[in-house]
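Student: Output the structure for:
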Amino acid sequence: MALNNLDTLYRQVIMDHYKNPKNRGNIDGDAVTIDMNNPTCGDRIQLQMQVEDGIVKDAKFDGEGCSISMSSASMMTQAIKGKKVEDAINMSHAFSNMMLGNEIDTEEFDLEDIEALQGVAKFPARIKCATLAWKAMEKGVQED
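Tutor: Residues are numbered from 1 along each chain as shown. Take a look at the predicted model:
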């Protein structure tokens, strides 16, 4: 069975973020640090964020896991940098809805590369992989 071009493109985007992650590493200085893991498949992430005046100034992650969890973390950190905390949380809710197979308003949320993960919704066991970094971000901004 041949994959359609969109599936192929999405797979390439996911693998690019996995092999060449954006914002991998640690933040120097004060940062909120959240450690989370997905015990069902062994993904673990440490997310660090600097939040000032209600804006996510910086976000970095470290950890190990499958291509979906690590690429989702890369995409998420890219997406939330420079955003208001409220907007980052709204993006997370939109992402969770997308993982449940629901349509999202792409006009309201410019998810860019993140849309490549929408196919994960077809694989319920992998949804926790994709949402791990997002859950860490939500927990982190609530602690700040």
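Student: which residues touch stretch 26-44?
Tutor: With contact meaning Cβ atoms under 8 Å, 6 or more residues apart in numbering, stretch 26-44 is reached by 45-51, 58, 60, 62-66, 69-70, 125, 128-129, 132, 135-137, 139-141, 143-144. Just so you know, the C-beta spots here come from the backbone N, C-alpha and C atoms, and that holds for glycine as well.
Student: Run through the neighbouring helices and strands of the helix or strand bottoming out on mean pLDDT in the chain.
Tutor: Within the chain, no helix or strand scores below helix 5-19, which has a mean of 86 by mean pLDDT, DSSP states H and E. Judged by 3 or more Cβ pairs under 8 Å, 6 or more residues apart in numbering; DSSP states H and E, helix 5-19 is in contact with helix 67-80.
Student: got the buried residues for the helix it packs on?
Tutor: Neighbour counts using 16 or more other Cβ atoms under 10 Å place 68-80 of helix 67-80 among the buried residues.
Student: Repeat that for stretch 122-140.
Tutor: Neighbour-count burial for stretch 122-140 [16+ other Cβ under 10 Å]: 126-138, 140.
Student: Run the chain-centre distance for it.
Tutor: Its chain's C-alpha centre and that of stretch 122-140 lie 7 Å apart, by Cα atoms, centre = their mean, to the nearest Å.
Student: how near is the closest residue to residue 62 other than its chain neighbours to residue 122?
Tutor: Spatial nearest neighbour of residue 62, chain neighbours left out: residue 46 (4.9 Å); criterion: Cβ to Cβ, 6 or more residues apart in numbering. Distance, residue 46 to residue 122, using Cβ to Cβ, to the nearest Å: 29 Å.
Student: now do residue 19
Tutor: Counting by Cβ to Cβ - residue 19 and residue 122 are separated by 23 Å.
Student: quick one, helices of the chain?
Tutor: Applying DSSP state H to the chain gives helices spanning 5-19, 67-80, 85-99, 127-143.
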